[in-house]
Each structure stands twice: as structure tokens, then as C-alpha cells.
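Enquirer: give me a model of this one.
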Amino acid sequence: MSAFDQMKTMAIRYMRPVSHKDDLLVHDHNRLYGDDAPPIFGWVLRELGTLFLDPRMDREHIEGYIKHLEMNGGDDLFFWFDGKILNKVSFEDFKDRLWNAHNPSSEGLHNSY
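Expert: Below is the predicted model of the structure:
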């Protein structure tokens, strides 16, 4: 099953996002089927959309997203795609995996998702 199909499965299972569904159905889809799809990534399933985090982003952007997620404190769900399987993980595990995989390349291309 493709990463995108796994993401759709999780969205159905957890009945999210309630709004901003284009985050998943358009933006996440385009990232995964584009020429520069990341082989591994973090994904946040929220009530109001999704957040796709590419470990190739620069440090500043990753720190900004993590700070935003820490301040949000809501009931966001965190997932990590390891190249084959999309697994639900804790926020702490999510941050650790994102930093362990951090490998900025062509940072300008990877900073905003």
C-alpha cells in the first residue's frame, strides 16, 4: 500500500481532518506524487487539516513547526513514514525521528509544506 493510501486509511480511522481536507487530498498527495517526494517523512493528522514534515527542511523551519505543535497542545495525532509503513507515534518519538532523520538538502525546495 502506498504512503498516500496509508494516510487516507488513517484519516478515515481517526475521522480527521474535519475541515481543510485539501491538506491531505491535494497538498499531501502532490508532495508524495511529485518529482521530489521524500523517502521518509513525518505527518500530523489534525482536526483542522494535516501537516507534512520533510526531514530535509532546514533546522529553523523544523524548530518552528515543533514549537507550533508544542504550543498547540491539542489532540493532534503524529505519524512517521519509514519508507514502507506509516506508524502512529508519540509526539516525543515524532520529534526524535524527525531530528534523527534531519538531512537538509536543497533547503529552499523543502522548507514549506
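Enquirer: okay, and the beta partners of K88?
Expert: In this structure, K88 bridges to F79 when assessed by DSSP bridges.
Enquirer: on the pLDDT front, check it for me.
Expert: Per-residue pLDDT puts K88 at 98.
Enquirer: that one and I62, how far apart?
Expert: 20 Å (Cβ to Cβ, to the nearest Å). All C-beta atoms are positioned from the backbone trio N, CA, C, and that covers glycine.
Enquirer: can you pull out the helices in the protein?
Expert: 3-13, 22, 29-33, 59-72, 91-100, 107-110 (DSSP state H).
Enquirer: export those helices as JSON lines, with columns for distance to L53.
Expert: What follows is those, written out as JSON lines (distance: least, Cβ to Cβ, whole Å):
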{"stretch": "helix 3-13", "distance to L53": "13"}
{"stretch": "helix 22", "distance to L53": "18"}
{"stretch": "helix 29-33", "distance to L53": "11"}
{"stretch": "helix 59-72", "distance to L53": "6"}
{"stretch": "helix 91-100", "distance to L53": "6"}
{"stretch": "helix 107-110", "distance to L53": "10"}
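Enquirer: could these be laid out in a markdown table, adding mean pLDDT, distance to G42 and mean neighbour count?
Expert: What follows is the helices of the chain, written out as a markdown table (pLDDT from 0 to 100; distance: least, Cβ to Cβ, whole Å; neighbours: other Cβ atoms under 10 Å):
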| stretch | mean pLDDT | distance to G42 | mean neighbour count |
| --- | --- | --- | --- |
| helix 3-13 | 97 | 12 | 16 |
| helix 22 | 92 | 20 | 13 |
| helix 29-33 | 94 | 12 | 14 |
| helix 59-72 | 88 | 9 | 14 |
| helix 91-100 | 93 | 5 | 15 |
| helix 107-110 | 49 | 13 | 12 |
